[in-house]
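Colleague: Have a look at this fold, sequence not included:
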């Protein structure tokens, strides 16, 4: 493809976490790594301003609710590495970032078992009001036994069952966000002493397997009503959940070819559920090693490799067996029977064909395959390959904060803009308006069936 051929701009999110060591473990030891100061809100305020100046689409915050690996084993490796412990709540942080930015989207991760859906829906609506419609929710179902125990659940719920749970969870939130308040319910009619019209505010009376929620939703409709829905599951159950619910899917495929397979599969599933293929955007996670020359890029890569923590990468990707015990790193993937990280093991098995892949390969494939090393021009060429595979955007994974994002903004984004691969300014409106050209969920989304669904429902006594 000619460099002069007009291209569609990709979307760019900063993929971060309110912690010291998120993805690239060991890098916090570098003197330029300010992620060690994650508990200082100014670290994030300054990064948000940097990203907004660079016209990133969103800040995407990951999160966990427990440590990885065997819940009964020694967890000192996570504490020593700063590997997502300590970490702070991203949802709370978004309130601070919303008032110091105007355009950049703000995405939080929240697990289905860490917060009751009624309370969570209220938090998200509040944030969407504060931000004037820039909030997204990354739906996760958990990967850690320890995280489950922190909420009174003895073991991580079985994989497929977690997604059944998630379906009811989102169903409750959809009813609250989309159906509890009709359009125009808030009248602010001083003359007739009516702030909101009672005929347009409804209880939802949800009765399900796990939840009983009466309603009504306490917040009035926010600019987006429902947040932009992100989801990151790549397993069979995860792709099926995404096909029904997600507007944006975060993938970490080992190559553009593998990304294309996942994207095409998920979009076919979405069509089967009555949605349009373009209702879902796909974001590939990538790290970048940027040099003014190939030689400089390789020198920088060598420094990153020098600081990389083998123990951190393996601990992060630790997989547990059905009894909750961590598999040894040399366990063949064909012998893997696990309740977590199904999608990662599936794509690694496809990526390694010249030998029997083992569990350690999951960590190293994720670390090494999902990075682009080279000049800004070479990086742009590679991003075209990902776009041609069906990728709509990139979740940019940092080595250090803020340096990785500053370098990407200063060196790579200008080249991408010259080729039409990055936006030059923000479109007006909400995050969903910027991404999809509409403020609210598409009519084909399952949440849309609750619009007006409770208007004729009589009150229960």
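Modeller: Thanks, I have the structure now. Because the structure is predicted, anything quoted here is derived from the model rather than measured. Numbering: from 1, shown residues only.

Colleague: any idea how far residue 76 is from residue 116?
Modeller: 33 Å (C-beta to C-beta, to the nearest Å). All C-beta spots, glycine's among them, are computed from the backbone N, C-alpha and C.

Colleague: quick one: which of these two has more around it?
Modeller: Neighbour tally, residue 76 and residue 116, criterion other C-beta atoms under 10 Å: the higher count belongs to residue 116, 13 against 8.

Colleague: Looking at the nearest residue to the more buried one once chain neighbours are set aside now. What's its pLDDT?
Modeller: Once flanking residues are discounted, residue 116 sits nearest to residue 211: 7.6 Å by C-beta to C-beta, 6 or more residues apart in numbering. Looking at residue 211, its pLDDT is 98.

Colleague: Residue 211 against residue 170, yeah?
Modeller: No. With contacts counted by C-beta atoms under 8 Å, residue 211 stays clear of residue 170, the gap being 11.1 Å.

Colleague: So for the two, which residues contact both of them?
Modeller: Listed as contacting both residue 211 and residue 170 by C-beta atoms under 8 Å, 6 or more residues apart in numbering are residue 117.

Colleague: So if I had to pick from the two, which one is more boxed in?
Modeller: Between residue 211 and residue 170, counting by other C-beta under 10 Å, residue 170 is the more crowded of the two (24 against 15).

Colleague: What residue, apart from its backbone neighbours, is nearest that one spatially?
Modeller: residue 245 (5.8 Å).

Colleague: Can you name the residues that contact that neighbour?
Modeller: Per C-beta under 8 Å, 6+ apart, neighbours of residue 245: 139, 167, 170, 229, 231, 445-446.

Colleague: Just give me the closest of these to residue 216.
Modeller: Sorting these by how near they are to residue 216, with C-beta to C-beta, puts residue 170 at the top with 18.3 Å.

Colleague: which element is the closest one on?
Modeller: helix 159-174 (DSSP states H and E).

Colleague: what does that helix rub up against?
Modeller: Under the criterion C-beta under 8 Å, 6+ apart, residues 112-113, 117-118, 120-121, 124, 139, 141-142, 156-157, 204, 206, 208-211, 213, 226, 229, 233, 235, 237-238, 240-241, 244-245, 339-340, 342, 446-447, 450 lie in contact with helix 159-174.

Colleague: I'd like to know which of the residues you listed are buried.
Modeller: 112-113, 117-118, 120-121, 124, 139, 141-142, 156-157, 204, 206, 213, 226, 229, 233, 235, 237-238, 240-241, 244-245, 339-340, 342, 446-447, 450 (16 or more other C-beta atoms under 10 Å).

Colleague: sorry, back to before: quick one: the residue nearest to residue 170 from residue 229, how far?
Modeller: 6 Å.

Colleague: Which residues are in contact with each of those two?
Modeller: With C-beta under 8 Å, 6+ apart as the test, residue 245 and residue 229 both reach 139, 170.

Colleague: ok, residue 102 - contacts?
Modeller: So residue 102 contacts residue 52 (C-beta under 8 Å, 6+ apart).

Colleague: That one belongs to a helix?
Modeller: No. Counting by DSSP: H, G, I helix; E, B strand; the rest coil, residue 102 falls outside a helix, being coil.

Colleague: What distance do you get for it to residue 282?
Modeller: From residue 102 to residue 282 the distance is 27 Å (C-beta to C-beta).

Colleague: residue ranges for the strands of the stretch 201-350 of the chain, please.
Modeller: Per DSSP state E, counting those that start in this stretch, the stretch 201-350 of the chain carries strands over the ranges 206-207, 212-213, 228-231, 248-251, 281-290.

Colleague: ok, and what's touching the third one?
Modeller: Contacts with strand 228-231, where a contact means C-beta under 8 Å, 6+ apart, come from 60, 105, 107, 135-140, 170, 238, 241-242, 245-250, 431-432, 435, 441.

Colleague: In its sheet, which strands sit next to that strand, and in what direction?
Modeller: strand 135-140 (parallel), strand 248-251 (parallel) (DSSP bridges).

Colleague: Report the separation between the most centrally placed residue in the chain and residue 401.
Modeller: By C-alpha atoms, centre = their mean, the chain has its centre lying nearest to residue 138, at 4.4 Å. Residue 138 sits 19 Å away from residue 401, going by C-beta to C-beta.

Colleague: do residue 49 as well
Modeller: 13 Å.

Colleague: Looking at those two, which has the bigger crowd around it?
Modeller: Taking neighbours as other C-beta under 10 Å, residue 49 and residue 401 compare with residue 401 leading, 26 against 15.

Colleague: which SS state does that one fall under?
Modeller: Here residue 401 is recorded as coil under three-state DSSP.

Colleague: Verify the contact between residue 86 and residue 20 for me.
Modeller: Yes. With contact defined as C-beta under 8 Å, residue 86 counts as touching residue 20 (7.4 Å).

Colleague: Looking at these two, which is more packed in?
Modeller: residue 20 (22 against 11).

Colleague: Which residue, neighbours along the chain excluded, lies closest to the more buried one?
Modeller: Per C-beta to C-beta, 6+ apart, closest to residue 20 is residue 82, 3.6 Å.

Colleague: Model confidence for the one you found, exactly?
Modeller: For residue 82, the model assigns a pLDDT of 96.

Colleague: what residues are up against the spatially closest residue to residue 300 that is not a sequence neighbour?
Modeller: Counting by C-beta to C-beta, 6+ apart, residue 289 is the residue found nearest to residue 300 once chain neighbours are left out, at 5.2 Å. Counting by C-beta under 8 Å, 6+ apart, residue 289 touches 297, 300-301, 304, 371-374, 399.

Colleague: Now the buried members of the residues you listed.
Modeller: Buried members of the contacts of residue 289, scored by 16+ other C-beta under 10 Å, are 297, 300, 304, 371-374, 399.
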